[in-house]
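**Student:** sharing a sequence plus its predicted fold:
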Amino acid sequence: MSFFRGALLVAGKDLRIESRSRVALQQILPFGGIVVVLFAFALDSDRDLLPRAAPGLFWAAVLLAMLLAVGRSFAVEEANRARDGLRLSGLDGGSVFLGKASAIAIELFALEAVLGIAVVVLYDVALHEALILVLTAVAATIGLAATGTVYGVLAGGLRARETLVPLLVLPAVTPVMLGATRAFEAALDRTPGDAWPWVQLLGAFAILVVAAGVAVFGPLLEES
Amino acid sequence: MKRIYLAATLVALAVTAFLALYVTPPRENQGFQAVRLLYLHVPCAWLAYLAFGVTALASILWLIPRTRNTTWDLLAGASAEIGVVFTALMLAVGSLWGKPTWGTWWEWDARLTTTAILFFLYLGYLALRRTGATSAERGTRCAIAALIAACDIPIVHFSVTWWQTLHQQGTVFNPNLDVKVNGSMALTLVLSVLAFTMLYGYLLIDRFQLAQLEEGREERELQLAIAERVRAEEVVPA
């Protein structure tokens, strides 16, 4: 079976599980929503501050929801020893990585679309430079999903997995948080020139993590 | 041998402390005493690099099948623990210096931010190590996590060159290798780095030996329990 067909199979499997169990829809998405609302409480619905802080708050909410998505993606493999099935499937480790990371990325895209609307409405943000916003979101999401997947399998099968993954993932995705926030800020300020270096950083980060993930996922899956 | 080494380390540290506190000048024209924190801050930073470098190297040696050995896993863990302690100390001392000098405990500049991230990356690494009782269980995951964390080391080091930062550029290892310190200050700085490196060596050996004892503990306890049981059965035949 070809590399990408394998990845497609794994992604299809994960997305099918999510579409049937509705955990992403009924738990992770509302969680992202409540985080967006809580941030507004934290800043005391300051009408000037909220739109200015919106890019950072949006990405912080995405990051927190991403932790749940990653946890969920690997909790699915814990149940009924599905991980053993995955190992015995004969699929290349790299293609399993791409599959799982793509499924998380697709879930995150959907989440970002909904949270984006929530931020625009609740924080009173005016959108500009749609192309930069979309490119930033794509590069950042790939980076987030890939990093989460690497650490998800790294902690796979461990006792303290649920608490360990956030501690491992969050410091590793700080470049995404920083880059995506700055790029969004520049786009919303209508200074697209300032956004490009950050978009490039996000792209480079995504490529690096995906390459690293393809390389190390196989050995880590064997280990877990 | 270990005791002599420890004694030598303590002497070196004492001489450093004496030079740093009494011989070196305060900062010229303001009689500024906080500059003496330099002799603590710089060696801590050096030890953090050294310790995490050793962790990365040992992790690579673990990942190469031909050189895979429990020693490398234990060494990586021992070194990372020391690195985390000295990173925390470096951040704390830097903060103490920053308040009177920059007027703030913490500044979100590139050097400080990347160092803080480095600290959390290795805290995560240590937490990951705790989840496996033996090298065989945890080795590969930990080695990969250590190598991911190590990607931040060059970023920390070059952050002062790449970005405009409040934190000054390297005093010795700057892009032009133009050493900007001399006299008693340079001597004290060199000695402080030497003394701290000796301390690192001592702590590393000590922590490594402890880790070796921990590693075999369960196995040994099991053997002891079996031996005890066998003896008991010999005294009172069933």
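**Tutor:** Yes, it's here.
**Student:** so which residues on chain A come close to chain B?
**Tutor:** Residues of chain A lying close to chain B (C-beta under 8 Å from any C-beta of the partner chain) are A:150, A:154-155, A:158-160, A:164, A:167-168, A:170-172, A:174, A:212, A:216, A:219-220, A:223-224. C-beta coordinates here come from the backbone N, C-alpha and C atoms, glycine included.
**Student:** where does residue 15 fall, secondary structure wise?
**Tutor:** In the absence of a named chain, this looks at chain A. According to DSSP states H and E, A:Leu15 maps onto helix A:3-21.
**Student:** can you look at chain B instead?
**Tutor:** Secondary structure assignment for B:Val15, by DSSP H and E: helix B:2-18.
**Student:** and the helix holding A:Leu15, what's its mean pLDDT?
**Tutor:** Across helix A:3-21, the average pLDDT comes to 91.
**Student:** ok, now stretch B:3-10?
**Tutor:** Averaged across stretch B:3-10, pLDDT comes to 92.
**Student:** would you mark the buried spots in it?
**Tutor:** Going by neighbour count (16 or more other C-beta atoms under 10 Å in any protein chain shown), the buried part of stretch B:3-10 is B:Leu6, B:Thr9.
**Student:** just stretch A:21-30 next, same as before
**Tutor:** Per 16+ other C-beta under 10 Å, stretch A:21-30 contains these buried residues: A:Val23, A:Ala24, A:Ile28, A:Leu29.
**Student:** which residues does the third one contact?
**Tutor:** I take that to be A:Ile28. Residues in contact with A:Ile28 (C-beta atoms under 8 Å, 6 or more residues apart in numbering or on different chains) are A:Ala65, A:Leu68, A:Ala69, A:Arg72, A:Glu107, A:Leu111.
**Student:** does B:Trp108 sit in a helix, a strand or a coil?
**Tutor:** Secondary structure state of B:Trp108, per DSSP: H, G, I helix; E, B strand; the rest coil, is coil.
**Student:** check which element follows the helix or strand hosting A:Leu68 along the chain.
**Tutor:** Secondary structure from DSSP H and E places A:Leu68 in helix A:49-78. Next in sequence after helix A:49-78, counting helices and strands by DSSP H and E, comes helix A:82-88.
**Student:** for the helix holding A:Leu68, packing partners?
**Tutor:** Secondary-structure packing of helix A:49-78 (3 or more C-beta pairs under 8 Å, 6 or more residues apart in numbering or on different chains; DSSP states H and E): helix A:3-21, helix A:29-42, helix A:82-88, helix A:93-122, helix A:130-154, helix A:161-172, helix A:174-188.
**Student:** rank the ones you listed by pLDDT, which is bottom?
**Tutor:** Here these differ in mean pLDDT, and the lowest is helix A:82-88 at a mean of 86.
**Student:** which parts of the longest helix anywhere in chain A are buried?
**Tutor:** In terms of residue count, the longest helix belonging to chain A (DSSP state H) is helix A:192-223. For helix A:192-223, a neighbour-count test (16+ other C-beta under 10 Å) marks A:195, A:198-199, A:201-203, A:205-206, A:209-210, A:212-214, A:216-221, A:223 as buried.
**Student:** pLDDT on that helix, on average?
**Tutor:** On average, helix A:192-223 scores 91.
**Student:** on that earlier part again, run through who's touching the helix holding A:Leu15.
**Tutor:** Counting contacts by C-beta under 8 Å, 6+ apart, the residues outside helix A:3-21 that touch it are A:1, A:24-25, A:72-73, A:76, A:86, A:91-92, A:94-100, A:102-104, A:106-107.
**Student:** ranges for the helices of chain B?
**Tutor:** For chain B, applying DSSP H gives helices covering B:2-18, B:38-63, B:70-102, B:110-129, B:135-150, B:152-162, B:183-235.
**Student:** pick out the shakiest of these, pLDDT-wise.
**Tutor:** helix B:152-162 (a mean of 84).
**Student:** quick one on the thing from earlier: need the winner for burial among the helices and strands packed on helix A:49-78.
**Tutor:** Highest mean neighbour count of these: helix A:130-154, a mean of 24 (counted as mean count of other C-beta atoms under 10 Å in any protein chain shown).
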